[in-house]
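> next input, structure requested:
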Amino acid sequence: MSLPEHEALLAWILEGRPPAEQLLTPVDDLAERLETYRGGFSVRTFSALGSVFPRTARVLGEDWQLLGRRFAFSLAPAEPNLNLIGRALPAFLRDQGAPSLARALAALEWTAFELVHAERTSALDAAALATLDEGTRLALAPDQRRVSIDDAVLAAWPAPPREDSTQALLSTRSGEATLTPLSSVQARFLAVLDDAANVGGVIESAGLDAAQLGGVLAWAVDAAILVRR
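This is a model prediction of the structure:
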């Protein structure tokens, strides 16, 4: 196939524009090649989905073959970037009536995928934390996310049993996505990080006593999850 024919085929695939009549390759041949491309893209897409959503696939079992392939074929070739295609899977599973556990896992696994590609920032250690004044703004490290969980999600991940809250810390610091259930004190502390303007605001909004604050700060430093905003 000549370069103009390649360009015409690509335009057909991406924009739906039929090739010009002067092309040497018959339109029927181009149509056949288009379908071959679409089929190959869908196979690659389905394979990529399995690597990003292994827990979702495991929970769905045989239904993953149907739903995952249906999702892959619904996309091809509208989104050529395999790193972005999974973004719509949780909503697709919801629309297809998939079980709530599969939908919850898909949402968490896509969040984990995004965290893997987040910017890496050095976390505050104990020495750095001790020098902060009340005007310093804190945030959760980019590779960490506070998420909502239930017992079924923890069992399917798998992760340790839930503590006295329905929150967990999703982390990709180790290169693997881990879920760590949070205590109510830890969850309260992380929740105010998003809203508080500075360290003083975090301390005031969290409503923790001195012992609780000392304990949660020691935990956050040990887990290396806090950064300057």
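> enumerate the positions of the host helix or strand of residue 185 that are buried.
Secondary structure assignment for residue 185, by DSSP states H and E: helix 184-193. Neighbour counts over helix 184-193 (16 or more other C-beta atoms under 10 Å) mark 185, 186, 187, 188, 189, 190, 191, 192, 193 as buried. Every C-beta, even on glycine, is put in place using the N, C-alpha and C of the backbone.
> which stretch of helix or strand covers the residue most central in space within the chain?
Residue closest to the average C-alpha location in the chain (C-alpha atoms, centre = their mean): residue 111, at 2.0 Å. For residue 111, the element it lies in under DSSP H and E is helix 100-116.
> quick check: mean pLDDT across that helix?
Helix 100-116 comes out with an average pLDDT of 96.
> what do you get for stretch 175-195?
Over the span of stretch 175-195, the pLDDT mean works out to 90.
> what's the end-to-end length of that stretch?
Taking C-alpha to C-alpha, to the nearest Å, stretch 175-195 runs 28 Å from one end to the other.
> run the chain-centre distance for it.
Its chain's C-alpha centre and that of stretch 175-195 lie 16 Å apart, by C-alpha atoms, centre = their mean, to the nearest Å.
> let me see the domain layout of this protein.
Listed domain ranges for the chain are 3-116, 126-228 (source: automatic domain parsing).
> worst mean pLDDT among those?
domain 3-116 (a mean of 76).
> what's the very next helix or strand once past the helix holding residue 111 in contact with?
Going down the chain from helix 100-116, the next helix or strand is helix 126-130, by DSSP H and E. For helix 126-130, contacts defined as C-beta atoms under 8 Å, 6 or more residues apart in numbering pick out 217, 218, 221, 226.
> show me these that map onto strands.
Mapping the contacts of helix 126-130 onto strands (DSSP state E) picks out residue 226.
> among the contacts of helix 126-130, which one is most surrounded by other residues?
Taking other C-beta atoms under 10 Å as the neighbour criterion, residue 226 ranks highest of the contacts of helix 126-130 with 23 neighbours.
> where does residue 146 fall, phi/psi-wise?
phi -80, psi 130 (degrees, to the nearest 10).
> can you check the one 3 residues further on too?
When quoted as degrees, to the nearest 10, the phi and psi of residue 149 stand at phi -140, psi 170.
> let me see the contact set for it.
159, 162, 166, 167, 168, 179, 181.
> who wins for neighbours among those residues?
With neighbours taken as other C-beta under 10 Å, the top of the contacts of residue 149 is residue 168, carrying 27 neighbours.
> what helix or strand does that one sit in?
strand 167-171.
> the residue nearest to residue 103 when sequence neighbours are not counted: neighbouring residues, count only.
Setting aside the residues directly before and after it, residue 103 is nearest to residue 93 in space (C-beta to C-beta, 6 or more residues apart in numbering), at 4.9 Å. The tally of other residues near residue 93 (other C-beta under 10 Å) stands at 25.
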